[in-house]
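Chemist: any chance you could fold what I've pasted below:
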Amino acid sequence: MFTVPKMVWKLYSTVAALLILNVSAVFSDQDVSDVCPTRKNNLIGQTCQKACIQDQECTKKKAKCLCDGDCGMSCIKPRNSCPWPVTIENANTSLNQNMKNFGDHMTVRCNPGFKMANGQEMAHSRCQGDKKWSVTAPCEAISLCGDPPVIVDGSFVKYGNPVTGIRAQYICSSGFRLEGQDVTECLENNTWTNAAPLCQKIYCPPPPEINEGILVAVKKREYEISEVVYYMCKRNFIIDGSYSITCLANGQWSEGPACRARCKVPVQRSRVIYKGRKVWVTEIEEGLVHHAETVTFFCRNTTQACSYTASSKCYDSVLSPPNCYEEPTWVQHNIFPWKIVSEIASCHDP
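Modeler: Model prediction:
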């Protein structure tokens, strides 16, 4: 009788075992493939949990290796639950069972006159491993007219329903102005009431000129949105406001500046306080101060025979002295200069 050597028998046993394991693995993989779809990447609206093949790979407490729809086999806690109730626009929702845990389903049924984006009126929504329902998109109004014409540099939004009427409103992109009817309605003959409008690019007209000012810009018939131009004032004038203006999205320029004139100080025989110094008018260049500058005058307190101050501000060539100020006479200034109001003691001095 022929005897198989031990070494050969051991080798045969090992090869047979490996073949059995490979066959088992093939059937196991095929089994999983039949039950659960292949895991997909970049799924919209679902966060896939950790991929797995068996429960031992799930380290989280009480997590099992379960099929999670397009996510394939994932580590899921079976007691994960999805929110309930769920409100979906233009649709009614109902649980298919009394549970809302992982793997349970709810039915989403569109209201009359509405359908889902894929054209269905009803769908089953599944509670996923990320604790979200698989179907939550709103139902849209059914339009026998189809979509209205597409417009360049704009879009449209449909609203309404077959009972009250389906309408579409056109909206132009930023920087464009709509010309034509912005709303169109679906008629019973399956046509839209109005032709598609146009979205015309918005431009600003030439910027305005300002008195005593100079426009620093290339002159042209129209300027684009966000384009900026600058101004400067002529000699002896100061700018009041921003040096620049901007073409806005509505086709109008932002608020522009003004060029303001200097003011003559209305004093001849008294000193004033200007830029923190007590000076005669002759010490101020040309006797003029700039727009928005302040000049402080001296007024007389006749009861206490002392002086106090009051200020006025220059505004575009006008500087009015305070009501309390009195201009000294020629005699007061030349014969008794120490008695003029700007030279007597201050009422605030000790």
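
Chemist: right, and Glu121 touches Val108 too?
Modeler: No: Glu121 lies out of contact with Val108 (C-beta atoms under 8 Å); the separation is 9.5 Å. Bear in mind the C-beta positions are built from the backbone N, C-alpha and C, glycine included.

Chemist: these two - which one has more neighbours?
Modeler: Shown here are Glu121 and Val108; by other C-beta atoms under 10 Å, Val108 has more neighbours (25 against 15).

Chemist: mind listing what that one touches?
Modeler: Ile88, Ala91, Asn92, Thr93, Met116, Met122, Ala123, His124, Ser125, Val135, Thr136 (C-beta atoms under 8 Å, 6 or more residues apart in numbering).

Chemist: hmm, try it at 6 Å
Modeler: By C-beta atoms under 6 Å, 6 or more residues apart in numbering, the contact set of Val108 is Ile88, Ala91, Thr93, Ala123, Ser125, Val135.

Chemist: quick check on Glu57: phi, psi?
Modeler: Backbone dihedrals for Glu57, given as degrees, to the nearest 10, come out at phi -80, psi -10.

Chemist: burial of it, as a residue count?
Modeler: Quick note: Glu57 (other C-beta under 10 Å) scores 13 neighbours.

Chemist: same check on Asp55?
Modeler: Quick note: Asp55 (other C-beta under 10 Å) scores 11 neighbours.

Chemist: per-residue confidence at it?
Modeler: For Asp55, the model assigns a pLDDT of 91.

Chemist: what's the following helix or strand after the lowest-mean-pLDDT helix or strand in the chain?
Modeler: Across the helices and strands of the chain, the lowest-confidence element by mean pLDDT, DSSP states H and E is helix 6-35, at a mean of 40. Sequence-wise, the next helix or strand downstream of helix 6-35 (DSSP states H and E) is strand 64-67.

Chemist: after that next one comes which helix or strand?
Modeler: Heading C-terminal from strand 64-67 (DSSP H and E), you reach strand 73-76.

Chemist: what residues does that next one touch?
Modeler: Counting by C-beta under 6 Å, 6+ apart, 36, 48-50, 52, 58, 63, 65-68, 102, 129 sit against strand 73-76.
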